[in-house]
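**Q** Curious how this folds, go ahead:
(chains A and B)
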Amino acid sequence: MKSQPVFTISRHGDVLVAALNRDVGNFAEAQIVGEMNRLVERLKAAPVAGVVVDFEHAAYFGSTMLEALRLLWTHLRTAGSRLVLCCVSDVGHEILEVAHFDSVWPVSPTREEAIQVASGKADAAP
Amino acid sequence: MTRILIVDDSAMDRRLAGGLLDKREGWSTLFAADGLDALEQLELHVPDLVLTDMQMPRMNGLELVSAVRKEYPLIPVILMTAQGSEEIAVQALQAGAASYVPKRRLSHDLVDVVERVLDAAGQDRSFSRLMNRLTRAEAAFVLENDLTLIPSVVGYLQQEVAAMRFCDETERLRIGVALEEALLNAYYHGNLEVSSKLREEDHNAYYDLARDRAERPPWGDRRIHVYARFSPDETVYQIRDEGPGFDPTSLPDPTDPANLERPCGRGLLLMQTFMDQVTFNDTGNQVTMVKRRPEHNRDAEPAEAEG
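**A** Next up, the predicted model:
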């Protein structure tokens, strides 16, 4: 049986949105990193202004997701694009803070705002 | 007396549902005009069940389901759905509504559905009261080194703390994160002996090596041992792998800005953040994590209907 994908990818102008389909704990580690690798390959072939990762359907995540985000961020930074997170739960915020990624990845409360930030049309909230 | 709160912005629909339920001996009805009004009523009189319309001003049925689930987890909510609101009804069921009745079938189905849901809720309350009186429980698993078992064992251990009302939902998630990290450490670094250093150099090579070793002895034959002890004051989790162990002090500090881009040590950091105590045995192949009952949750009984 084919497993459910980790991310649903959609394009909004010059921004890609990668929305988590459910809590990351339900997915195999290698699947998360594998899908992130494919996303990075897609971005290499067709660059965008930014990528939004939407956590609306994921109440929590762990070090595997942080590592996958770090891989994505490394690529986007090199390409001059932005990474923005949105709809992060309270526990998700804590996880980002603990790993000190809250200081490098903007987090928006809504997908719409995140798309604006990722496209460069709005500043990240302080 | 069983009390049922009926929430609908249509006075006629409130009267219709109320009329059907009031006929039943031992049931009485209360009324609210929308979700916010319902929450105010809930503060005054805790009902045994909430029956709500979906489309309402100020706070709709979906928002009300979420609020009731959060504040009054033992009170079931039944939806009254109109044609065209099926999609939002599905969302409400996913958010924790107990059941639904199409409005066009109220006169035929409502009493049966309410009765069924009240029976189930009574059993849940009884189970919850029992779990509040649990003084000690233990669980032990020996897992093949199989990644697909990890979410299941984490889910089971989370369910246990939830059933005991040991902590709130946020703490339950934190416990889940810490357990998952400990189990992944046991799988990758303990039993398969794949190092974070390799992931730092080439994350594809890291997963390729893990896949390869998972199929071959001795790595593939190793087990993960999980032990949990639950009591009202604390839960203790022990996770042991059958690998040679490691020195946890050898990990770089992931909070040091210089190490921000290195994929090492974040799992342990999350374990230490979300548990009250994390210790390793001398060989480093067994971690013991302790979570104490949060102070705000001590003596907390879940809201139950009176009577």
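**Q** in which helix or strand would I find the residue of the stretch 1-150 of chain B found nearest chain A?
**A** Per C-beta to the nearest C-beta, the residue of the stretch 1-150 of chain B with the smallest distance to chain A is B:Leu147, at 5.1 Å. (Glycine included, C-beta is placed from N, CA and C.) Using DSSP states H and E, B:Leu147 sits in no helix or strand.
**Q** Let me see the contact set for the closest residue to B:Ala137 other than its chain neighbours.
**A** Take B:Ala137 and drop its neighbours on the chain: the residue closest to it by C-beta to C-beta, 6 or more residues apart in numbering or on different chains is B:Phe230, 4.5 Å away. Taking C-beta atoms under 8 Å, 6 or more residues apart in numbering or on different chains, we find B:Phe230 in contact with B:134, B:136-139, B:160-161, B:164, B:166.
**Q** Filter these down to the ones in strands?
**A** Secondary structure from DSSP state E places B:137-139 of the contacts of B:Phe230 in strands.
**Q** ok, then the element right after the helix or strand where B:Asn204 lies?
**A** Element membership for B:Asn204, per DSSP H and E: helix B:203-214. Next along the chain after helix B:203-214, taking DSSP H and E as the criterion, comes strand B:223-230.
**Q** picking that back up, how about a markdown table for the ones in strands among the contacts of B:Phe230, with neighbour count added?
**A** Shown next, in a markdown table, are the ones in strands among the contacts of B:Phe230 (neighbours: other C-beta atoms under 10 Å in any protein chain shown):
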| residue | neighbour count |
| --- | --- |
| B:Ala137 | 14 |
| B:Glu138 | 10 |
| B:Ala139 | 14 |
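**Q** picking that back up, next, the residue of the stretch 1-150 of chain B closest to chain A: phi, psi?
**A** phi -60, psi -30 (degrees, to the nearest 10).
**Q** The helix holding B:Asn204 near chain A at all?
**A** Yes - counting by C-beta under 8 Å from any C-beta of the partner chain, chain A has neighbours in helix B:203-214: B:203-204, B:207, B:210-211.
**Q** Can you mark which positions in that helix are buried?
**A** Buried residues in helix B:203-214, counted by 16 or more other C-beta atoms under 10 Å in any protein chain shown: B:203, B:206-207, B:209-210, B:213-214.
**Q** hmm, who's touching that helix?
**A** A:29-30, A:33-34, A:37, A:67, A:71, B:145, B:188, B:192-194, B:198-199, B:219-220, B:263.
**Q** just the buried members of the residues you listed?
**A** Judged by 16+ other C-beta under 10 Å, buried ones among the contacts of helix B:203-214: A:29-30, A:33-34, A:37, A:67, A:71, B:145, B:188, B:192-194, B:198-199, B:219, B:263.
**Q** the strands in chain A, which residues?
**A** A:7-12, A:15-20, A:50-54, A:82-86, A:107-108.
**Q** Near chain B, which residues of chain A? Just list them.
**A** So far as C-beta under 8 Å from any C-beta goes, chain A lies against chain B at A:25-26, A:28-30, A:33-34, A:37, A:59-64, A:66-67, A:70-71, A:74, A:89-91, A:94-95, A:98-101, A:104.
**Q** go with 10 Å
**A** Residues of chain A found near chain B (C-beta under 10 Å from any C-beta of the partner chain) are A:3, A:23-31, A:33-34, A:36-37, A:59-64, A:66-68, A:70-71, A:73-74, A:89-92, A:94-95, A:97-101, A:103-104.
**Q** Give me the distance between stretch B:279-286 and the centre of its chain.
**A** Put simply, stretch B:279-286 sits 29 Å off its chain's centre (C-alpha atoms, centre = their mean, to the nearest Å).
**Q** re earlier: could you save the ones in strands among the contacts of B:Phe230 as TSV and add columns showing distance to B:Arg125 and pLDDT?
**A** Formatted as TSV, those follow (distance: C-beta to C-beta, whole Å; pLDDT from 0 to 100):
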residue	distance to B:Arg125	pLDDT
B:Ala137	20	92
B:Glu138	25	95
B:Ala139	24	96
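**Q** so where do the strands sit in the stretch 201-307 of chain B?
**A** B:223-230, B:234-241, B:277-280, B:286-292 (DSSP state E, counting those that start in this stretch).
**Q** Arrange these in CSV, one row each, with mean pLDDT as further columns.
**A** Converted to CSV, these look like this (pLDDT from 0 to 100):
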stretch, mean pLDDT
strand B:223-230, 97
strand B:234-241, 97
strand B:277-280, 94
strand B:286-292, 96
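**Q** what's the most buried one of these?
**A** Of these, the one with the most neighbours on average (mean count of other C-beta atoms under 10 Å in any protein chain shown) is strand B:234-241, at a mean of 21.
**Q** packing partners for it?
**A** Packing contacts for strand B:234-241, counted by 3 or more C-beta pairs under 10 Å, 6 or more residues apart in numbering or on different chains; DSSP states H and E, involve strand B:137-144, helix B:149-163, helix B:169-184, strand B:223-230, strand B:277-280, strand B:286-292.
**Q** Could you rerun that using 6 Å?
**A** Using 3 or more C-beta pairs under 6 Å, 6 or more residues apart in numbering or on different chains; DSSP states H and E, the elements in contact with strand B:234-241 are strand B:223-230, strand B:286-292.
**Q** least trustworthy helix or strand in chain B by mean pLDDT?
**A** Using mean pLDDT, DSSP states H and E, the weakest-scoring helix or strand in chain B turns out to be helix B:86-94, at a mean of 76.
**Q** Next, count neighbours for the residue of the stretch 1-150 of chain B closest to chain A.
**A** Residues near B:Leu147, counting by other C-beta atoms under 10 Å in any protein chain shown, number 17.
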